[in-house]
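*Asks:* Curious how this folds, go ahead:
(4 chains)
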Amino acid sequence: MSDLDAFREEARSWLNDHFPSGLAHRSPPGIAGFGARLTGDWKAWQTSLGEKGWSAPTWPAEYGGGGLSPEQAQVLGAEMASRGAISPIGGFGIMMWGPTLLDFGTEEQKQRYLPPIIRGDIHWCQGYSEPGAGSDLANLQSFAEDKGDHFILNGSKVWTSGALEADWMYGVFRTDRNNKYEGISFLTLDMKSPGVEVKPITLISGQSPFNEVFFTDVVIPKENLIGEKNLGWNIGKRLLLHERQGIAGSGGANVVGGSYDIEQVARDYIGLENGVLADGAMRERIAMQKMFAHAYALTGRRFGEEAAVHGPTPAVGIMKVAWAKDNQNREELLVEMLGNRGLGWEGSGFSDNELKTVRTWLRSKANSIEGGTTEINLNLVAKRVLGLKGY
Amino acid sequence: MSDLDAFREEARSWLNDHFPSGLAHRSPPGIAGFGARLTGDWKAWQTSLGEKGWSAPTWPAEYGGGGLSPEQAQVLGAEMASRGAISPIGGFGIMMWGPTLLDFGTEEQKQRYLPPIIRGDIHWCQGYSEPGAGSDLANLQSFAEDKGDHFILNGSKVWTSGALEADWMYGVFRTDRNNKYEGISFLTLDMKSPGVEVKPITLISGQSPFNEVFFTDVVIPKENLIGEKNLGWNIGKRLLLHERQGIAGSGGANVVGGSYDIEQVARDYIGLENGVLADGAMRERIAMQKMFAHAYALTGRRFGEEAAVHGPTPAVGIMKVAWAKDNQNREELLVEMLGNRGLGWEGSGFSDNELKTVRTWLRSKANSIEGGTTEINLNLVAKRVLGLKGY
Amino acid sequence: MAVLTEEQNMLKDQAQAWSRDEAPVTRFRKMRDSGTDAGYEQATWQDIAGMGWTGILIPEALGGSGMDYATFGVVLEETGRHLVASPLFASGLVGASALLLAGNDAQKQQWLPGIAAGTSIVTLAVDEGPHHAPEQIAMTADASSGSFTLNGSKVFVLEGGSADAFVVAARTSGTAGETDGITLFLVPADTSGLGVQPLKTADSRGYADLTFRDVKVDAAAVIGTADAGFPILDAVLDRARAGLAAEMLGTACEAFDRTLEYLKTREQFGQVIGSFQSLGHRAATLFMDMEFARSCVEAALRAIDEGSDEVPILCSLAKCKAGEFLHDMSNDMIQMHGGIGMTDEFDAGFYIKRARAAEATFGGQSYHRRRYISHFGI
Amino acid sequence: MAVLTEEQNMLKDQAQAWSRDEAPVTRFRKMRDSGTDAGYEQATWQDIAGMGWTGILIPEALGGSGMDYATFGVVLEETGRHLVASPLFASGLVGASALLLAGNDAQKQQWLPGIAAGTSIVTLAVDEGPHHAPEQIAMTADASSGSFTLNGSKVFVLEGGSADAFVVAARTSGTAGETDGITLFLVPADTSGLGVQPLKTADSRGYADLTFRDVKVDAAAVIGTADAGFPILDAVLDRARAGLAAEMLGTACEAFDRTLEYLKTREQFGQVIGSFQSLGHRAATLFMDMEFARSCVEAALRAIDEGSDEVPILCSLAKCKAGEFLHDMSNDMIQMHGGIGMTDEFDAGFYIKRARAAEATFGGQSYHRRRYISHFGI
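*Replies:* Okay, here's the model as predicted:
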């Protein structure tokens, strides 16, 4: 029996003992990834997984991680997937902050921050965007004044997902007003610190996980500085890569939740004549939408196959643009096909699917803004992939 | 009887005497506006009209023009139109060069150049574009070196309409290599001068009125300088206004000649089912095309009405963009509807209309380039109409 | 903009000033947040009636000012800019048009003075399914001994929750899909058997679904002639389409103006974002769409006033072109504003929600493309 | 690009080098200027046959190399880049596919070695009207005493003027619009009653119209089974579509590369024009279209080689996506080059003419959108 087979046995046995079968194929409660507080079976599963370190399978065991090889992690993932075991420990800590910390943190910082991330005890939020700095992220103004052994932070962040639920924030803050890029530091702060105020953002589609966070004379100890002072931009950029990949990698599904079947909507709200959609123009538009989505999926698969042999290609930059376009086109088609049934907001006059479609359509408008606007992404493709100047 | 009625009588009587009735509703032979040499009735009509000065009705009589008031000119135009009398004297001389000369020329230059334009004796071509200077027109490099009492010209022009038939050229030439805009002079030159060589340009659609013109040590007397040396760019720009208005004002008809009826093509090459085009998607695209053209026509009419009251608006800048878009969309639809009948080049395998459609479609691709590219025109709208910076 | 008459200029100035000062989007927001079913505030509605806009089309003898559709369009464009919520369009234009075009003297005397005064709200109930399809009317009106019994339903009736009476298109003969056999009825809202269910819509305007269960009306309720209502309905709808297109044009123009202002002031990477060519060219293209939509809207209104044969084709053109421009502009208003455009706190959400609702009302772009091209024999 | 096998890499290198060095667009231009009816030069064709590309699909026993469609696609992409004119696609891929899929041993023995050697050209004759519509075949083949009499016409047959034999789809029963009743015949070009009229097309490729007047063939000419030819025809057409899509992808990629190079070198207003955002963003969008088209083309070819159920849907996807990209790219090649792009002296005209011809062949984008969506029950 190979080592990997042995590990597979171990994983199976452990999952048999620790995964509550009642949770099979269920998603954790709360806003996925933003760390809801768990109870009952979910809490027990969180505790088992966290103590085993398999919520972060490849992170070093010395910080509480699983210490697995990539191959072992793949086996574990397959085993969990096959029994519908979903980890309730995720979010920014697991997906972005932990990996970044492993690269850039001091030994002391790793010891301090990683174990509670792995156990799912501390939930993190990400302080990046600011009202005055949209696509020009480095134009941030929240200022952390150096007071010797601590910083005093004033300013605000916006679009902070899960800030209301989070225990801690990591983020980028200005520490030098005279240098745009080399005047930014990467800091962490306790969200319970005096002077931190969180205000939820309602989107045009309704409630959202986003918040504004205001800082008034917030004290941040010097030990919370990651990397060197004024050189935090590089750490911040590294983290962004994870974010863009995370968004585009969701593969066509909208963040709010998939919309319903486009062919079914066509049949129900437009109708067929002789087995063919009665509206030939709409039929062509649906075809174009589905063919674009198909091409998108085939391209994602191809890039994956090629990357496995030739290494990653910057061409993936187009996937974020395509993802947004695909989502927005599909949602516009759905709303148009629903006709006046696609204009409901709430109440008994509309079906659940109709109401959900309206909200999903509105939410999709952010897809070409969040995680780098379509314009910024096209700039990046023009520059990095095509080698054009001036971007 | 009002003065205008009296003039109407005079015009009628003169036209009765001088317009050969056999020419009614006929266009002059040759490439319209590029001055073919006329014979027979056409020559007689040219001579009468030119001697009367009514080929340029509002130009001062002292230079051989009609000396008419705008109202009289309108009456004359209406009378000529009503009997289908078309002037064979036109082209660059009448449309652009004459009006510009009236503004910028010296008394001597007006006396010299205007009478033969009015008589249609001298045909002009326009030396503007150069191979290295497309949208960036002022980047022209043809250099007229100042030799005291004359210039020596070397370089080349491109896209020179009618150069092969023209007697003279007016144009913009570099006289100072150190100043981009204030180093350009407006000159005229005799096309029979030694060192002038004309090479016709074949377009992707076939033959064209365009040429390349090469200059090798061409001697240009100083008296051919219009305005001041190095200050010719303003004269050149004034002239361009006439060109853009001329092109966009042609109102949706393609320069090569109108294409045939889109509904008829739809009926013949796609066919109807129950009185409706069998291809619903194509039907919607045709509708969009026709509605855009309709909106374009209504907008042209509205701008006209508004200009009559409020004066001209820079908003007309969009008309050139729309004209190109309209032409190109229509031609693409036609070619697509013709299917494999829309791929012929010559020979008996295709009908005349089919062959003409292919050529017109190809020719329409220039519509978004000639007379200012769509990109340049959008820049101009962004800057002049919307007041945006950076254009 | 078309050359306006003195009267039109005065009304335009009035509508502009009032909308901007008394009924800006903040007021619409307050109404939305109040959760009212009506979709408008009584105070706003009284202001509007007080200025006489409700009577623009109604003859002076019946309490109105007897002006034309082009003038109504000027006002709707201004109120559309600020998303002013009121039954002005549904009653003062659509309801009034039905009575003006085909009402008999008694009906006119009974309803038009109230519409002009803003004390009566009369609205049109036409569609029965998710898409605008006036030929597909299936609702029945069975005649017997001088009265009619109405059964069926109507959906998405504009200002249906506030209306005092409905102009109802029902079928007295034939089957769905036929234009013959349709009759228009004037049905008071309190008629027995008529159920009104207000809807909570994304654009916070007042709409309602209606159900008719053995609703009895007598012959005096017929507008025009029985079985021959379709041409009237079509004419009323065209007036509605042109008027709504004017309102939509205003909505889109305001979205354009606000976005252009943002392009000129918002800085990124040390320059105003409007200086980025990809945004500047889109703004220039949207400007073209705006001018084209305006030409079509003004031509449609003028054609109605002149009694032109081209009313159907121009009204479809206007509704489609205003719809296309509003559609694209409401999308780009969000995109060009970036994240802020996605927040409920900012107004862009109101514009895109209103956009889609107005697009769907009385036929969307796709419907009007089909209707337009059908005039060309293909 | 997909991960290639060693064999595919070798062929790709060979095709790349040969096309670039021996058959660049200047050679195509010379052929065009010569005014030949054939649409290709014999020397080019002999080179191609000599390299064995004509036999890529044909088993070794019959003189070919027995490789797959993905490999053929690699070659066609390279020849497509340079608009190489030859019957390679029409005969080596389409004609050979018909025989490989449904020919009997005698037919294969008779024709495949010649196709592999380039000494026989076999092409498909399917359409009869201006648009691709294989179900609409009306040409008749009347059976009597063991032979068939063909009457009707075929249009726009690729390499029809040079072909030695045609695979002809004709109707042995049923009427136009039905898929049942179609039969494939192998008809030598010198058969009595068969008329061939070469066409002068904008893209200077070899096409011909065919007329059949009482053309008699015996039962041995049937490919597959009488009346049941449509599934074979459909499979042949799908292979043709995928192969043509690969060629179109190459054509469009070359147009993209040349245009990108121009964006990097052409200066206006003191900067390279690619630095203008409106052009840069369009280039980036075209790059996306290019990558998407490639994914579809490669997936379609792979599906054929794997015998997947998804062949029809993927081949329609590939033809449509390659067509869309080539369409837009050939337009933008001219626009981004400005005036020079409009001159016959420059090559952009060749690319746009080839683009529209290839788009129309074996179904355009619109045809394949309809075919694709019909698989989803709407």
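*Asks:* and the least confident helix or strand in chain C by mean pLDDT, which strands flank it?
*Replies:* Taking mean pLDDT, DSSP states H and E as the measure, strand C:267-268 is the helix or strand of chain C with the lowest mean score, a mean of 92. Strands that pair with strand C:267-268, judged by DSSP bridges, come out as strand C:271-272 (antiparallel).
*Asks:* The strand it pairs with - what's its average pLDDT?
*Replies:* What strand C:271-272 shows for mean pLDDT is 94.
*Asks:* What are the buried residues along stretch C:32-45?
*Replies:* Neighbour-count burial for stretch C:32-45 flags C:32, C:36, C:38-41, C:44-45 (criterion: 16 or more other C-beta atoms under 10 Å in any protein chain shown). C-beta here means a position set from N, CA and C on the backbone, and glycine is covered the same way.
*Asks:* Break the chain down into its domains, please.
*Replies:* Went with chain A since none was named. Chain A breaks down by automatic domain parsing into domains covering A:3-119, A:124-230, A:250-385.
*Asks:* you looked at the wrong chain, it should be chain C
*Replies:* If you go by automatic domain parsing, chain C breaks into C:6-120, C:124-228, C:231-374.
*Asks:* Could you work out the end-to-end span of the last one for me?
*Replies:* Looking at domain C:231-374, the gap from its leading to its trailing residue is 17 Å under the measure C-alpha to C-alpha, to the nearest Å.
*Asks:* List just the nearest of the buried residues of stretch C:32-45 to A:E336.
*Replies:* C:G39 (22.7 Å; C-beta to C-beta).
*Asks:* Can you tell me the closest non-neighbouring residue to the closest one?
*Replies:* Nearest residue to C:G39, sequence neighbours excluded (C-beta to C-beta, 6 or more residues apart in numbering or on different chains): C:G206, at 2.8 Å.
*Asks:* what's near enough to touch the one you found?
*Replies:* C:37-40, C:85, C:87, C:158-162, C:198 (C-beta atoms under 8 Å, 6 or more residues apart in numbering or on different chains).
*Asks:* So out of everything in chain C, what residue is nearest chain B?
*Replies:* For chain C and chain B, the shortest gap (C-beta to the nearest C-beta) falls at C:S275, measuring 3.0 Å.
*Asks:* Can you report how many residues neighbour that residue?
*Replies:* Counted with other C-beta atoms under 10 Å in any protein chain shown, residues neighbouring C:S275 total 19.
*Asks:* residues from the stretch 151-300 of chain C in reach of chain D?
*Replies:* C:276-278, C:281 (C-beta under 8 Å from any C-beta of the partner chain).
*Asks:* if we go to 10 Å?
*Replies:* Contact residues, the stretch 151-300 of chain C versus chain D (C-beta under 10 Å from any C-beta of the partner chain): C:275-282.
*Asks:* Do I have it right that A:I318 meets A:R384?
*Replies:* No - counting by C-beta atoms under 10 Å, A:I318 does not reach A:R384; the two are 11.1 Å apart.
*Asks:* Can you pull the residues that touch both of those two?
*Replies:* With C-beta atoms under 10 Å, 6 or more residues apart in numbering or on different chains applied, the contact sets of A:I318 and A:R384 do not overlap.
*Asks:* Compare those two (neighbour count), which wins?
*Replies:* A:I318 (26 against 13).
*Asks:* If you count contacts, what does the host helix or strand of that one end up packed against?
*Replies:* According to DSSP states H and E, A:I318 maps onto helix A:317-338. If contacts are counted by 3 or more C-beta pairs under 10 Å, 6 or more residues apart in numbering or on different chains; DSSP states H and E, helix A:317-338 sits against helix A:233-248, helix A:262-269, helix A:280-310, helix A:352-364, helix A:374-380, helix C:311-337, helix C:348-360, helix D:277-306.
*Asks:* hmm, 7 Å instead?
*Replies:* helix A:233-248, helix A:262-269, helix A:280-310, helix A:352-364, helix A:374-380, helix D:277-306 (3 or more C-beta pairs under 7 Å, 6 or more residues apart in numbering or on different chains; DSSP states H and E).
*Asks:* So which residue is dead centre in chain C?
*Replies:* The C-alpha lying nearest the average C-alpha coordinate of chain C belongs to C:L244 (C-alpha atoms, centre = their mean; 3.7 Å).
*Asks:* what helix or strand does that one sit in?
*Replies:* C:L244 is part of helix C:230-265, with elements assigned from DSSP H and E.
*Asks:* Just give me how far that helix sits from the chain centre.
*Replies:* 9 Å (C-alpha atoms, centre = their mean, to the nearest Å).
*Asks:* Make a markdown table from the domains of chain A and add distance to D:A303 to it.
*Replies:* As requested, the domains of chain A are arranged in a markdown table below (distance: least, C-beta to C-beta, whole Å):
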| stretch | distance to D:A303 |
| --- | --- |
| domain A:3-119 | 26 |
| domain A:124-230 | 39 |
| domain A:250-385 | 11 |
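*Asks:* Need the three-state assignment for residue 77.
*Replies:* Here I'm looking at chain A. helix (DSSP: H, G, I helix; E, B strand; the rest coil).
*Asks:* can you give me phi and psi for the residue of chain C most remote from its centre?
*Replies:* No residue in chain C sits farther from the centre than C:G270, which is 43.2 Å out by C-alpha atoms, centre = their mean. Backbone geometry at C:G270, expressed as degrees, to the nearest 10, gives phi 80, psi 10.
*Asks:* how far away is it from B:G390?
*Replies:* For C:G270, the distance to B:G390 (C-beta to C-beta, to the nearest Å) stands at 12 Å.
*Asks:* picking up where we left off before, the helix holding C:L244 near chain B anywhere?
*Replies:* Yes - contact between helix C:230-265 and chain B, assessed by C-beta under 7 Å from any C-beta of the partner chain, occurs at C:260, C:263-264.
*Asks:* sorry, back to before: between the domains of chain C, which gets nearest to A:A11?
*Replies:* domain C:231-374 (41.9 Å).
*Asks:* What is the distance between that closest one and the centre of its chain?
*Replies:* Using C-alpha atoms, centre = their mean, the offset of domain C:231-374 from its chain centre is 14 Å.
*Asks:* so how many other residues sit close to the residue nearest to A:I86 when sequence neighbours are not counted?
*Replies:* The shortest distance from A:I86 to any non-neighbouring residue, by C-beta to C-beta, 6+ apart, is to A:S27 (5.9 Å). As a burial measure, A:S27 scores 9 neighbours (other C-beta under 10 Å).
*Asks:* backbone phi and psi for A:S27, please?
*Replies:* According to degrees, to the nearest 10, A:S27 has phi -90, psi 150.
*Asks:* how close does it sit to A:W42?
*Replies:* Counting by C-beta to C-beta, the gap from A:S27 to A:W42 is 10 Å.
*Asks:* can you check C:Q110 too?
*Replies:* Distance of C:Q110 to A:W42, computed by C-beta to C-beta: 66 Å.
*Asks:* check contacts around C:K264.
*Replies:* B:388, C:272, C:274 (C-beta atoms under 7 Å, 6 or more residues apart in numbering or on different chains).
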